[in-house]
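Colleague: after the sequence you'll find the predicted model.
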Amino acid sequence: MALKGDGHSMISTKEELMRRLRERTKPTPTVTLEPDDSAAGNVRRVRENEGRMRIARLQASLNAAQSEFQTQQTFARLGGYAKARFDHER
């Protein structure tokens with residue numbers, strides 16, 4: 001059998017292919033897909049800050065809407081009560 005200079009056969013075989021596929025080093029996955037440099041840290045901080053600001057805006061908006069709803073509900077009840085009293089006293 002003729003061998004190349006690197007010690008393997010000149011004939012390509014499926015057996016060699018499968019053996020090489022089994023023996024090759026497996027890539028190790030990283031824990032995260034983000035780079036570990038200062039730019040990534042800055043991006044992460046900006047993203048977290050934007051998230052906190054968005055949460056604060058949402059809370060403020062929902063609190064204002066709830067307050068407005070409660071105010072309208074109170075006035076609607078009082079208006080209905082006043083109208084009922086007026087109609088009853090006539």
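Modeller: That came in fine, so what should we check first? Keep in mind that this is a model prediction, so the values were computed, not measured.
Colleague: so for stretch 57-66, mean pLDDT?
Modeller: For stretch 57-66, mean pLDDT is 86.
Colleague: for burial, what's the neighbour tally of Val43?
Modeller: Neighbours of Val43 under the rule other CB atoms under 10 Å: 13. (C-beta placed from N, C-alpha, C; glycine too.)
Colleague: now it: how far from Gln72?
Modeller: 43 Å (CB to CB, to the nearest Å).
Colleague: just the element for Glu16, please.
Modeller: If you go by DSSP states H and E, Glu16 is part of helix 14-23.
Colleague: ok now that helix, how far from the chain's centre?
Modeller: 40 Å (CA atoms, centre = their mean, to the nearest Å).
Colleague: go on, stretch 38-45?
Modeller: A distance of 16 Å separates the C-alpha centroid of stretch 38-45 from that of its chain, computed with CA atoms, centre = their mean.
Colleague: got it, and stretch 78-90?
Modeller: Here the centre of stretch 78-90 is set off from its chain's centre by 53 Å, with CA atoms, centre = their mean.
Colleague: mind listing what's buried along that stretch?
Modeller: Within stretch 78-90, no residue is scored as buried using 16 or more other CB atoms under 10 Å.
Colleague: again with stretch 39-53
Modeller: Result for stretch 39-53 [16+ other CB under 10 Å]: no buried residues.
Colleague: can I get it as CSV, trimmed to CA atoms?
Modeller: Taking Å, rounded to 0.1, in the frame of the first residue of the first chain, the C-alpha atoms of stretch 39-53 are listed here in CSV:
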residue,chain,number,x,y,z
ALA,A,39,-17.6,47.0,24.8
ALA,A,40,-19.9,44.1,25.6
GLY,A,41,-20.0,45.3,29.2
ASN,A,42,-21.0,48.8,28.1
VAL,A,43,-23.7,47.4,25.7
ARG,A,44,-25.0,45.2,28.6
ARG,A,45,-25.1,48.2,31.0
VAL,A,46,-26.9,50.4,28.4
ARG,A,47,-29.4,47.7,27.7
GLU,A,48,-30.1,47.1,31.4
ASN,A,49,-30.4,50.9,32.0
GLU,A,50,-32.8,51.2,29.1
GLY,A,51,-34.8,48.3,30.5
ARG,A,52,-35.0,49.9,33.9
MET,A,53,-36.1,53.2,32.4
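Colleague: all set now, cheers.
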